[in-house]
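J.: Turn this into a structure:
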Amino acid sequence: MELGFVFKSGAKNFEKIRNLFSTYPIMPDIILLVSLEVPRACAGEQAKSGDRLPEISSKYFMTMGVLVTQRESNPYPYSDSNKRYMTYDWYMKRRFGGKAARIALDIGCTCPNIDGTRGTGGCIFCKNGSSSAMGESLDEQFEHGKDIARRKWKVAGFVPYFQAHTNTWGDPALLSAAYNHAAVWKDVLMIALATRPDSISEELTGSLVRLARKVPLIVEFGLQTSNDKTAARINRCHTWAEFCAGYEKLRAAADKVNAECRDELPADGREIPGLRMKRFQIGVHLIDGLPGEDAEDMLRTARDTAALRPDMVKIHLLHVLEGTQLAKLYESGDYEPMSREDYVRVVADQLELLPPDAVIGRVTGDAAENELLAPDWCVKKTIVANEIDKELYRRNSWQGRRFCI
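T.: Sure, this is the predicted structure:
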């Protein structure tokens, strides 16, 4: 007979429980689950060694008398927690020695699928260019964002994030002036730009190269999908081939800068095997749940993205926001959002396919609750992220496990 015990406890009792079992003359064959989420009904129940009890998200387990946390048993190398993928927070703390807060900025850009150059109306899901900046001038926006960040966290520095619309679309001289203005703000660790691959001129590429020589830079391309039919459906007004051409063009410029500038060392001065901290990085944004797409379409986009070897990938859930063309589709019954279960499963699959050394900027997105029509489950971001963690743990999998060069 094998006897197991389930304890209702938390991390604060970790050492107490370890010491308790270290005094036993004979170690029982048990799995010890210690969680803040253990149901009352499970307390004191018997469990066979190796059992995974239903409805329990274990943070700790004991095998052969050794108490092990999910963090300690995590096979993924670029993590110091139970996260089985490289979080933006982990990467920035290792690179800069502390929390790096992104500050959203809006410099009044538009998009080529809004102003008539490639199309009109913009993407069917977009509202206000995804802007979350507050303030009139760039300086006001930055100071306001800093105040909010400092009230939430102890920060090592800031990342001005040119976020709203297409931030390389406009007068190259004015755009370059805005980037360089932000680069000299106090406590700036890196500059981030959100844009499209069809919207960077030769002149602006030169400006980005010069900027990256002054301060670490990441340019983030919105791909959303590699399926041209879906891209047309959501009014992206560029193809997968055009995306690749623009990406490779900027990658060549970034590689030139990175060849000139040595990779930065982590803040503690110790190199991390297999992980580069480049001066000029490129990111890619994906959206899951686009109209007409199934799981295989989303996984194909992840595979296509992985083949580009981006430095960062952001995975977003498609939000239905009031006042958008997508909202009209949703209200007419022509669009159904993803369920949380499907989203968690697809994101876990995508993480397995992505390069193991790519920073994962996010695994879900933000939406203002007063503008969000659906899905309502996405407002609880922590729960969504936790479900993704649990799914990877259930599979005994991690970022890059199925990545193929």
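J.: show me where pLDDT drops low in the stretch 251-400 of the chain?
T.: Within the stretch 251-400 of the chain, no range satisfies pLDDT under 70.
J.: cutoff 90 now
T.: Along the stretch 251-400 of the chain, the parts satisfying pLDDT under 90 run over 262, 365-369.
J.: where exactly do the strands run in it?
T.: Secondary structure of the stretch 251-400 of the chain (DSSP state E, counting those that start in this stretch): strands located at 280-288, 312-317, 320-321, 359-362, 372-374.
J.: I'd like those strands as CSV, with mean neighbour count and distance to Thr225 appended.
T.: For every residue, glycine as well, the C-beta is placed using N, CA and C. Listed next are those as CSV, based on neighbours: other Cβ atoms under 10 Å; distance: least, Cβ to Cβ, whole Å:
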stretch, mean neighbour count, distance to Thr225
strand 280-288, 23, 7
strand 312-317, 24, 11
strand 320-321, 22, 17
strand 359-362, 21, 17
strand 372-374, 17, 19
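J.: Tabulate those (CSV), appending distance to Ile272.
T.: Putting the strands of the stretch 251-400 of the chain into CSV (distance: least, Cβ to Cβ, whole Å) gives the following:
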stretch, distance to Ile272
strand 280-288, 15
strand 312-317, 16
strand 320-321, 39
strand 359-362, 12
strand 372-374, 38
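J.: Just list whatever residues bridge to the residue nearest to the spatial centre of the chain.
T.: For the chain, the residue sitting closest to the mean C-alpha position, by Cα atoms, centre = their mean, is Arg362 at 1.5 Å. Beta-bridge partners recorded for Arg362 (DSSP bridges): Lys314.
J.: Correct me if wrong: it contacts His316.
T.: Yes - in this structure Arg362 lies within contact range of His316 using Cβ atoms under 8 Å: 7.0 Å.
J.: nearest spatial neighbour of Gly246, skipping sequence neighbours?
T.: Distances taken as Cβ to Cβ, 6 or more residues apart in numbering place Pro197 nearest to Gly246, at 2.7 Å, with adjacent residues excluded.
J.: can you check Glu387 too?
T.: Nearest non-adjacent residue to Glu387, counting by Cβ to Cβ, 6+ apart: Val344, 4.6 Å away.
J.: got the contact list for that neighbour?
T.: Applying Cβ atoms under 8 Å, 6 or more residues apart in numbering to Val344 gives the contacts Val384, Glu387, Ile388, Glu391.
J.: so the third one sits right up against Asp349, yeah?
T.: Just to be clear, that refers to Ile388. No - taking Cβ under 8 Å as the definition, Ile388 is not a contact partner of Asp349, at 10.7 Å.
J.: the more surrounded of those two?
T.: Ile388 (23 against 18; other Cβ atoms under 10 Å).
J.: Distance-wise, check the more buried one relative to Ser81.
T.: Distance, Ile388 to Ser81, using Cβ to Cβ, to the nearest Å: 13 Å.
J.: which secondary structure element contains Lys150?
T.: You called it Lys, but residue 150 is Arg. Element membership for Arg150, per DSSP states H and E: helix 138-152.
J.: what's the closest of the contacts of Val344 to Cys126?
T.: Distance to Cys126 across the contacts of Val344 (Cβ to Cβ) is lowest for Val384, with 21.5 Å.
J.: list the contacts for the nearest residue to that closest one once chain neighbours are set aside?
T.: Closest residue to Val384 apart from its sequence neighbours, by Cβ to Cβ, 6+ apart: Thr364 at 4.9 Å. Taking Cβ under 8 Å, 6+ apart, we find Thr364 in contact with Ile315, His316, Leu317, Tyr343, Val347, Cys378, Lys381, Val384, Ala385.
J.: pLDDT (mean, whole number) over stretch 83-93?
T.: Averaged across stretch 83-93, pLDDT comes to 98.
J.: What's the end-to-end length of it?
T.: 15 Å (Cα to Cα, to the nearest Å).
J.: Now it: buried residues?
T.: Lys83, Arg84, Tyr85, Met86, Thr87, Tyr88, Trp90, Tyr91, Met92, Lys93 (16 or more other Cβ atoms under 10 Å).
J.: And the residues you listed, which two are furthest apart?
T.: Greatest spacing in these, by Cβ to Cβ: Arg84 and Met92 (18.4 Å).
J.: Number of residues surrounding Lys127?
T.: The number of residues packed near Lys127 is 18, by other Cβ under 10 Å.
J.: Quick one: residues contacting the spatially closest residue to it that is not a sequence neighbour.
T.: Spatial nearest neighbour of Lys127, excluding adjacent residues (Cβ to Cβ, 6+ apart): Leu321 at 4.7 Å. Residues near Leu321 by Cβ under 8 Å, 6+ apart: Phe125, Lys127, Ala327, Ala367, Ala368, Glu371, Leu372, Leu373.
J.: Tell me the confidence at Ile405?
T.: For Ile405, the predicted pLDDT is 73.
J.: That one: neighbour count?
T.: Ile405 - counted by other Cβ under 10 Å - has 6 other residues nearby.
J.: do Ile383 as well
T.: Ile383, neighbours per other Cβ under 10 Å, totals 13.
J.: Now do the contacts for it.
T.: Ile383 touches Trp377, counting by Cβ under 8 Å, 6+ apart.
J.: any idea how far Leu354 is from it?
T.: To Leu354, Ile383 is 23 Å away according to Cβ to Cβ.
J.: CA atoms of stretch 301-321 as CSV?
T.: Provided in CSV are the C-alpha atoms of stretch 301-321 (Å, rounded to 0.1, in the frame of the first residue of the first chain):
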residue,chain,number,x,y,z
THR,A,301,1.9,31.5,-39.0
ALA,A,302,4.1,30.4,-36.0
ARG,A,303,6.2,28.1,-38.2
ASP,A,304,6.6,30.8,-40.8
THR,A,305,7.6,33.3,-38.1
ALA,A,306,10.0,30.9,-36.5
ALA,A,307,11.8,30.5,-39.8
LEU,A,308,12.7,34.2,-39.8
ARG,A,309,14.4,33.8,-36.4
PRO,A,310,13.1,37.0,-34.8
ASP,A,311,14.6,38.3,-31.6
MET,A,312,11.1,38.7,-30.0
VAL,A,313,7.6,37.4,-30.7
LYS,A,314,4.4,38.8,-29.2
ILE,A,315,1.3,36.7,-29.3
HIS,A,316,-2.0,38.5,-29.0
LEU,A,317,-5.6,37.3,-28.7
LEU,A,318,-8.0,39.0,-31.2
HIS,A,319,-10.2,41.4,-29.2
VAL,A,320,-13.6,42.6,-30.4
LEU,A,321,-13.6,46.4,-29.7
